[in-house]
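*Asks:* Task: produce atomic coordinates for the following.
(4 chains)
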Amino acid sequence: MVTRRPDYLRLPMAEITTLPEAVARLVHDGDTVAMEGFTHLIPFAAGHELARQGRRHLTLVRMTPDIIYDQLIGLGCADKVVFSWAGNPGVGSLHRFRDAVERGWPHPIEIEEHSHAGMVNRYVAGASGLPFAVLRGYRGTGLMDRSPTVAPITCPFTGEVLTAVAALRPDVTVIHAQQADRQGNVALWGITGIQREAVLAARRSLVTVEEVVPALKPRPGSVLLPGWVVDFVAEAPGGSYPSYTHGYSSRDNRFYEEWDAISRDRERFLAWMEENVLG
Amino acid sequence: MVTRRPDYLRLPMAEITTLPEAVARLVHDGDTVAMEGFTHLIPFAAGHELARQGRRHLTLVRMTPDIIYDQLIGLGCADKVVFSWAGNPGVGSLHRFRDAVERGWPHPIEIEEHSHAGMVNRYVAGASGLPFAVLRGYRGTGLMDRSPTVAPITCPFTGEVLTAVAALRPDVTVIHAQQADRQGNVALWGITGIQREAVLAARRSLVTVEEVVPALKPRPGSVLLPGWVVDFVAEAPGGSYPSYTHGYSSRDNRFYEEWDAISRDRERFLAWMEENVLG
Amino acid sequence: MRGWDAGEMMAVAAARQLGDGQVCFVGIGLPSQAANLARATHAPHLVLVYESGTIGAKPSRLPLSIGDGELAETADTVVALPEIFNYWLQPGRIDVGFLGAAQVDRFGNLNSTVIGDYDRPQTRLPGAGGAPEIAASCARVLVVLRHSRRSFVDRLDFITSVGHGRGPGDRAALGLRGGGPALVVTDLGLMEPDPERKELVLTHLHPGTSVDQVREATGWDLAVAADLGTTEAPSPEELAALRDLAR
Amino acid sequence: MRGWDAGEMMAVAAARQLGDGQVCFVGIGLPSQAANLARATHAPHLVLVYESGTIGAKPSRLPLSIGDGELAETADTVVALPEIFNYWLQPGRIDVGFLGAAQVDRFGNLNSTVIGDYDRPQTRLPGAGGAPEIAASCARVLVVLRHSRRSFVDRLDFITSVGHGRGPGDRAALGLRGGGPALVVTDLGLMEPDPERKELVLTHLHPGTSVDQVREATGWDLAVAADLGTTEAPSPEELAALRDLAR
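*Replies:* Numbers count the residues shown, from 1 in each chain, chains lettered A, B, ... in the order given. Below is the predicted model:
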């Protein structure tokens, strides 16, 4: 069975609380944590709260690690990163990620990598309560041999060989959304990525939102997550910065460019984090 | 490869034509035809056009055959029916379906039956270009032995035994929707069922719509099918009657009840079809 | 003359099984009646999920089909069928699922496919629909059907939905992760599977019925609980709410 | 001095490959430039699909990321990631896919994962992203990268995306249903796989480049077409449209 509401939530609703309390109660050292948001709604505020609370030995799962995981990796929060594209979109490398992989700083990390389609289907399997998903992918690539979560599978009807990927079941999924109502029903819209599946695949979940509103309004393209599949909702206005929140804020492309220089140097990175996140 | 636009459609749009012409050009004797719409947007007008054009030897695929297939079966259009629930919703039996299965009238038909979840995943596999899909289902039931399109499959990671269902790839899928624009982009909303997957799984597709509008308006919960995955669009106002079209018409529950009496008797059925559909 | 009929007794007895805040997978007919009655009385936060894809529907009166427009209009969200079956039902997010059937056996296995031989059916029934996976995946299943020797049979003509299989351990061996049938509600009484043997045991009689009447209407030697109880009759409040829904 | 740079030549050469009405899977950077240039010039009905889930996006200027808000706002529809990969890319609905890479070999196989040993990388690159399945499933793949001995290598350090494998028949044997790389566009010229041998052959030089220059920048003994052509220089219209997009 997948997500059961914890016993302390008798009614079908999420608990609305502060971000520090939600992180303290939901995320533990050693957890597998997925913070999703594909190019949009990246949950930076929650990531920074994890950093401030000093979580360690995390397995960080994310299709596109982006700056948010570059920061957590550089601070030494992660033992392992599971991903499909680890770059600074439109800019280049994630230098803290590379420093960890190439030179083991601040400590060596394990990596497990997939294609986007593979990661997507791993979340779909997790959300569906299945141990694996099937896709056309990986065959002939070096990725096939590098991950214990990829295997060939034969169609029982046609004999065709396809690829199976193991389900992702994060201990905690964290996403950012535009709005929640007072029952913790969550609405996100614009590019909705893999967030629905990431929440449904997780054992526990936290959603930061721009605002809690009295009632959610139906909107074109909106994805709704009922409060009874979300554990905690916390207001975090601007919580996707420097990424963006459709209808609320714009992506700070300049910061993505500046991060290249900030993150190239270990000392400068640490000073920046101290000044802007940890302090 | 799944749906390629036919060569005669150079631009990424559907051809907008009349219902008789669309049916004449798309649906051939012996085809596997899926007419979908789960409790909503059932494409009755298109089904009646098939009946008028006298199609024969069809394999009719539909999760819930409903009155629409009861009529086609009673007229002798079908050699085979693939389904998951063959009743008159809220009323009882589909008498023409039962007469064919129990007594071979007007001729014996072959049946292949599944659960809803199985049919859904067969369409999903078809839409995804996969030969099969995996689900938790069928195990321990008599359905497992009755269909060559169900088989056990073992998870390569956990060893768990699950169920594989073969992809559905109809020759033609027919659905009814609220609106299309002049490029044949189709919008449907309300209960959207399995229509998206049924169209994407098919080799060819026909969408009847309440109206062709200059531009589709974004709406909450609306599913859009781009014109380049649809072959033909035909206007058929009221084309879902006696089913309904969210925003346009209501379900005629009384007709569903009346159908019970009309369809119980072979002669009365034929007379009704002659008077109301064929004539 | 009592002020309620057997159908009302069934709906009320089923409704009482639904706890506030639970998530309930609902079909049309008696399940929908029971779920909406519970929501109108003791379980205002009951979440109704209809297999047509409406999650959190709040109909003001009983829908006539699972695709009723009011379900979509009052739902928290409407999702497509792949999502309702794969993301919501299959992973075990549903607390309670309702099933009817043409036949039930002593282990709560159900037949809604065919009476007689599959290839030469005496009566061809509508078939599986959502039932096999509701039976497989919900935390608890409530079975609702009228009592008769035609429906309570020693041996099913076809297994459409697995209850407790052939007894203890069978569900686990088949990989069925929901709890299976927890209760069978009929017009005569209530039956629950014995915790050890998994065979149905008569635990409650509805007011005015007798053990003999129930056993007479059951096609096997039905076990009777030592502490057999009597179902509380529908209260005036329950009846008023139920009739209000049917307006 | 000519009135265009190598990047513009690459974008123009790639744009010319896109036919009106085709469906194109677009990444950020040069692919997005090329696709939007084609849409602004000879292919007004080109359908742009971005892997972030925007289908039929019609941006007025070049988006800075594949998640740019304007893509969602101008799209015919925005779908979630499972749909974009499973329903749209995987089944072969895309006519043309664009790929860049750090390394390409003679069969158009691509590496965007690592330079050096996988476990002790000299340079860790971003990795696969959508590339393996774009390479597998699009009817045609256009590869775009700058020419140098570091990028045109005899042997890839890692196979991220399969082109023509180790030659004829390899794609079919691997179950890859798209056509694979149809063209490699660089800052020096164009290469196409030989129809028989599937090995890349230099078919066009861009204005002002020479065969020696191309062979010097290629890490294997590059074959040259008997009827080697010269790419038409970017027209004033093409350049104007391209620069207008970058405003």
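*Asks:* what sits against residue A:17?
*Replies:* By Cβ atoms under 8 Å, 6 or more residues apart in numbering or on different chains, the residues touching residue A:17 are A:232, A:233, A:234. Placement of C-beta: from N, CA and C, glycine included.
*Asks:* I'd like the secondary structure assignment at residue C:240, please.
*Replies:* Following DSSP: H, G, I helix; E, B strand; the rest coil, the label given to residue C:240 is helix.
*Asks:* what's the neighbour count on it?
*Replies:* Around residue C:240 sit 13 other residues, with neighbours defined as other Cβ atoms under 10 Å in any protein chain shown.
*Asks:* How about residue C:201?
*Replies:* When neighbours are defined as other Cβ under 10 Å, residue C:201 has 18 of them.
*Asks:* circling back to that earlier point, any idea which of the contacts of residue A:17 is closest to residue C:245?
*Replies:* residue A:233 (32.4 Å; Cβ to Cβ).
*Asks:* Now do the helices in chain C.
*Replies:* With DSSP state H, the ranges of helices along chain C come out as C:6-15, C:30-40, C:69-74, C:81-83, C:131-137, C:170-173, C:211-216, C:236-245.
*Asks:* give the contact list for residue A:90.
*Replies:* By Cβ under 8 Å, 6+ apart, the contact list for residue A:90 reads A:253, A:256, D:28, D:29, D:64, D:65.
*Asks:* Tell me which ones among those also neighbour chain C, please.
*Replies:* Near chain C, taking Cβ under 8 Å from any Cβ of the partner chain as the test, no member of the contacts of residue A:90 is found.
*Asks:* Which positions in the stretch 1-150 of chain A make contact with chain B?
*Replies:* Neighbours of chain B within the stretch 1-150 of chain A, by Cβ under 8 Å from any Cβ: A:129, A:130, A:131, A:132, A:133, A:134, A:135, A:136, A:149.
*Asks:* All the strands of chain C, in order from the start?
*Replies:* With strands called from DSSP state E, chain C shows them at C:23-26, C:47-50, C:54-55, C:77-78, C:96-99, C:103-104, C:110-111, C:114-116, C:121-124, C:140-144, C:181-185, C:189-193, C:200-205, C:223-230.
*Asks:* can you check the stretch 1-150 of chain A too?
*Replies:* Ranges of strands in the stretch 1-150 of chain A, per DSSP state E, counting those that start in this stretch, are A:15-17, A:32-35, A:58-61, A:78-83, A:87-88, A:92-93, A:110-113, A:132-135, A:150-154.
*Asks:* partner strands of the fourth one, parallel or antiparallel?
*Replies:* If I follow you right, that is strand A:78-83. Strand A:78-83 has its sheet partners listed here by DSSP bridges as strand A:58-61 (parallel), strand A:110-113 (parallel).
*Asks:* for the first one, same thing?
*Replies:* For strand A:15-17, the pairing partners within the sheet under DSSP bridges are strand A:232-235 (parallel).
*Asks:* wait, what's in contact with whichever residue of chain C sits closest to chain D?
*Replies:* Closest approach between chain C and chain D, counting by Cβ to the nearest Cβ: residue C:82, at 9.5 Å. Going by Cβ under 8 Å, 6+ apart, residue C:82 touches B:120, B:121, B:123, B:124, B:194, B:197.
*Asks:* Narrow these to those that are buried.
*Replies:* Neighbour-count burial within the contacts of residue C:82 applies to B:120, B:121, B:123, B:124, B:194, B:197; the criterion is 16 or more other Cβ atoms under 10 Å in any protein chain shown.
*Asks:* Setting aside sequence neighbours, what's the nearest residue to the third one?
*Replies:* Using Cβ to Cβ, 6 or more residues apart in numbering or on different chains and skipping residues adjacent in sequence, the residue nearest residue B:123 is residue B:197, 4.0 Å away.
*Asks:* what does residue A:89 give?
*Replies:* residue D:65 (5.0 Å).
*Asks:* I'd say the one you found and residue A:88 touch.
*Replies:* No - Residue D:65 is beyond contact range of residue A:88, at 10.4 Å (criterion: Cβ atoms under 8 Å).
*Asks:* picking that back up, check the average confidence over the helix or strand hosting the residue nearest to residue B:123, would you?
*Replies:* Taking DSSP states H and E as the definition, one finds residue B:197 inside helix B:195-201. Taken as a whole, helix B:195-201 has a mean pLDDT of 98.
*Asks:* what packs against it?
*Replies:* Counting contacts by 3 or more Cβ pairs under 8 Å, 6 or more residues apart in numbering or on different chains; DSSP states H and E, helix B:195-201 packs against helix B:116-127, strand B:172-180, strand B:223-225.
*Asks:* Quick check: which of the ones you listed is nearest to residue B:28?
*Replies:* Nearest of those (Cβ to Cβ): strand B:172-180, 8.5 Å.
*Asks:* Who are the contact partners of residue 134?
*Replies:* Using chain A. Residue A:134 makes contact with A:121, A:153, A:162, A:163, A:164, B:130, B:132, B:133, B:134 under the criterion Cβ under 8 Å, 6+ apart.
*Asks:* Sorry, I should have been clearer: chain C.
*Replies:* Here residue C:134 is in contact with C:25, C:89, C:94, C:97, C:98, C:99, C:141, C:161 (Cβ under 8 Å, 6+ apart).
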